[in-house]
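Visitor: How does the following fold in three dimensions:
(one chain, ligands or ions: 2)
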Amino acid sequence: MLNPLLEGKPATPLLVVISGPSGVGKDSVLMRMRELGFPFHFVVTANSRPKRPGEIDGFDYHFVTTERFEQMIREDELLEWADVYGQYKGIPKFEVRQAMASGRDVILRINVDGAATIKRIAPEALFIFLAPSSLDELRHRLTLRRTESADEIEQRLAVAAHELEQARLFDYVVINHESRLDEAAGQIRAIIMAEKLRVYPRQVTL
Ligand SMILES: Nc1ncnc2c1ncn2[C@@H]1O[C@H](COP(=O)(O)OP(=O)(O)OP(=O)(O)O)[C@@H](O)[C@H]1O
Ligand SMILES: Nc1nc2c(ncn2[C@@H]2O[C@H](COP(=O)(O)O)[C@@H](O)[C@H]2O)c(=O)[nH]1
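Guide: Ligands and ions are numbered 1, 2, ... in the order given. Just a heads-up that it's a prediction; the model follows:
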């Protein structure tokens with residue numbers, strides 16, 4: 001379909017998947033994009049882990065019990081779900097459908113396995129891989145964040161090495177350089193802007 005901009009209509013909203021290793025800065029970049037007033041709808045995913053200090057139910061995640069999450073799986077309420085470091089994470093279908101109907105660009109923040117699943121379900125989505133400039137920098141970030149034990153950090157770094165190899169499955173890579181969050185946010189914004197100007201834009205049907 002030709003870009004609706006050519007007929008004076010609003011651009012087609014995009015389904016954007018932002019992924020990358022744990023600790024690379026996905027949440028930080030998305031928060032910065034919100035602070036800078038970039039317009040998008042962030043899909044709040046369901047999560048069976050306990051809330052961290054400062055996290056808000058319905059804003060960061062829908063925090064649910066393991067039993068409730070397993071019910072969501074059984075009742076086919078999730079577009080995608082994964083066991084991420086021992087806890088369930090999943091995308092409620094109704095959240096995505098409601099968000100896509102809003103006409104705004106919709107952003108999913110999920111792990112790399114989840115991105116591969118969405119690629120199978122919605123190959124026309126826009127896939128952006130957020131990468132650290134090195135594994136040492138990733139270690140530093142995870143250590144400073146203080147939300148995982150030393151053993152858990154080593155496990156996440158081992159997984160990260162494999163996840164970095166998956167970057168080839170994505171459309172774009174953005175490096176979240178140390179103390180350059182605004183640059184990463186701006187690059188994601190630029191990618192989204194350019195994609196909206198394609199003569200033949202991506203069209204996702206779910
Ligand atoms: N560009 C940056 N420079 C320095 N520190 C950063 C940068 N981006 C993020 N951080 C810090 O790195 C840590 C990890 O960031 P964040 O929690 O956003 O990562 P994440 O990818 O969402 O992690 P997870 O997948 O585990 O949820 C946080 O303490 C955050 O403040
Ligand atoms: N496959 C999915 N991954 C998800 C989803 N929601 C979040 N995530 C990813 O989980 C990890 C760990 O998150 P944390 O908040 O416990 O540190 C992170 O990489 C998220 O991107 C989802 O619905 N599906």
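Visitor: ok, now which ones touch Lys196?
Guide: Contact partners of Lys196, counting by C-beta atoms under 8 Å, 6 or more residues apart in numbering, are 5, 11-12, 14, 105. The way it works is simple: take the backbone N, C-alpha and C, and place the C-beta from them, glycine included.
Visitor: List, out of these, those positioned next to ligand 2.
Guide: With C-beta under 6 Å from any ligand atom as the criterion, these include none near ligand 2.
Visitor: Going by neighbour count, which of those residues comes out on top?
Guide: Within these, most neighbours by other C-beta atoms under 10 Å means Leu14, with 23 neighbours.
Visitor: Pull the number of nearby residues for Gln166.
Guide: 16.
Visitor: re earlier: same list (the contacts of Lys196) but as a markdown table, adding pLDDT and secondary structure.
Guide: Shown next, in a markdown table, are the contacts of Lys196 (pLDDT from 0 to 100; DSSP: H, G, I helix; E, B strand; the rest coil):
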| residue | pLDDT | secondary structure |
| --- | --- | --- |
| Leu5 | 96 | helix |
| Ala11 | 92 | coil |
| Thr12 | 90 | coil |
| Leu14 | 96 | coil |
| Asp105 | 94 | coil |
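Visitor: Out of those, which two are the most distant from each other?
Guide: Leu5 and Asp105 (14.4 Å; C-beta to C-beta).
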